[in-house]
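*Asks:* give me a 3D structure for the following:
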Amino acid sequence: MAGGNTISHFAMTELLAPIQSHSLVEVFVERFEQFILSGRITVGEKLPSERELALRLGVSRPVVHEGLIELQARGLIAVKPRKGAFVNDYRKEGSVSMLESLLVYSQGSLEPRLMRSMLEMRSLFECETARQAARVRAPEGMTALEETITEESRCVHDDRARVVDLDFQFHLNVAIASGNLVYPLLMNSFRGVYTNITGQFFAVTSFVAQVFGYHAALFDAIRAGDEEQSCSVMQRLLEHGATNLVHILGLGKNPRPQNDAHDGGSTWKAPR
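*Replies:* Numbering: from 1, shown residues only. Below you'll find the model as predicted:
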């Protein structure tokens, strides 16, 4: 029979099992992750009691209890017997699960210092990726880069979703052109938070032509095998993005001061 192997009965049963909506515990965890990663709840703040959270959120206490356990496992909060739950300094307490939460974060803005840290990390990683791409010029990546440049030349600049997708594809293809098997995996891991940031950036339509211009120059440098120029163009591209994001997101202002995570930290109030 044409068309390859048929999916087994067992696999089909699993595949077509009823799709479950998010559990209340998952919704609880996602909400508090968002509040903490956006800086709307800060380090050291004390959460209300389980009973009060359950009443205010309209869920059962077991839901709140399980949610707090998961947040603690991710290093986002610390639950202290007879004292309550406090927001952790994730730099000191965060786990791999916390990093996973950051990577898939795709709503709103990150806490200012966390955003700046992401931009610094991106510069360190992607400049080296561009240098490696110029050195190796892996055929699959080079072909994909050329196709992306062609698509960008045809793209309508006020189609933000398409612009964001092309921008991500360009950076991913640079990673593929490097010939390093891990670099593309890292880029794909950051897709959620990356496209969230660029989605806000490309709200200013005039930036599209500038960024696509950098892409064309970077592709030329990589194709020519010029490692230093490739690194330089990538650096200027990322600095252009970071500088304008600081303005768009108001990151130049002093971030909200954070308390040390101690027993007497301020009490959390529900963000509006």
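*Asks:* output the below-cut-off pLDDT ranges for the stretch 151-272 of the chain.
*Replies:* Where the stretch 151-272 of the chain drops to pLDDT under 70, the residues are 250-272.
*Asks:* can you give me the helices for it?
*Replies:* Using DSSP state H, counting those that start in this stretch, the helices of the stretch 151-272 of the chain run over residues 160-177, 182-189, 191-201, 206-223, 227-249.
*Asks:* take the ones you listed and write them to TSV, including distance to Ala133 and mean neighbour count.
*Replies:* Where you see a C-beta, it was placed from the backbone N, CA and C, and this is true even at glycine. Output for the helices of the stretch 151-272 of the chain, formatted as TSV (distance: least, C-beta to C-beta, whole Å; neighbours: other C-beta atoms under 10 Å):
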stretch	distance to Ala133	mean neighbour count
helix 160-177	4	21
helix 182-189	9	16
helix 191-201	18	19
helix 206-223	5	18
helix 227-249	7	17
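*Asks:* contacting residues for Met142?
*Replies:* Ala177, Ile222, Arg223 (C-beta atoms under 8 Å, 6 or more residues apart in numbering).
*Asks:* quick check, pLDDT for it.
*Replies:* Looking at Met142, its pLDDT reads 98.
*Asks:* just the CA coordinates for the strand or helix carrying it, please, in PDB.
*Replies:* Using DSSP states H and E, the element containing Met142 is helix 139-154. The C-alpha coordinates for helix 139-154 follow below in PDB (Å, rounded to 0.1, in the frame of the first residue of the first chain):
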ATOM      1  CA  PRO A 139      25.400  24.300   2.700                       C
ATOM      2  CA  GLU A 140      22.000  23.700   4.200                       C
ATOM      3  CA  GLY A 141      22.200  26.900   6.300                       C
ATOM      4  CA  MET A 142      23.500  29.000   3.400                       C
ATOM      5  CA  THR A 143      20.700  27.900   1.100                       C
ATOM      6  CA  ALA A 144      18.100  28.600   3.800                       C
ATOM      7  CA  LEU A 145      19.700  32.000   4.500                       C
ATOM      8  CA  GLU A 146      19.500  33.000   0.800                       C
ATOM      9  CA  GLU A 147      15.900  31.900   0.700                       C
ATOM     10  CA  THR A 148      15.100  33.900   3.800                       C
ATOM     11  CA  ILE A 149      16.700  37.100   2.300                       C
ATOM     12  CA  THR A 150      14.600  36.600  -0.800                       C
ATOM     13  CA  GLU A 151      11.400  36.300   1.300                       C
ATOM     14  CA  GLU A 152      12.400  39.400   3.300                       C
ATOM     15  CA  SER A 153      12.700  41.400   0.100                       C
ATOM     16  CA  ARG A 154       9.100  40.500  -0.800                       C
END
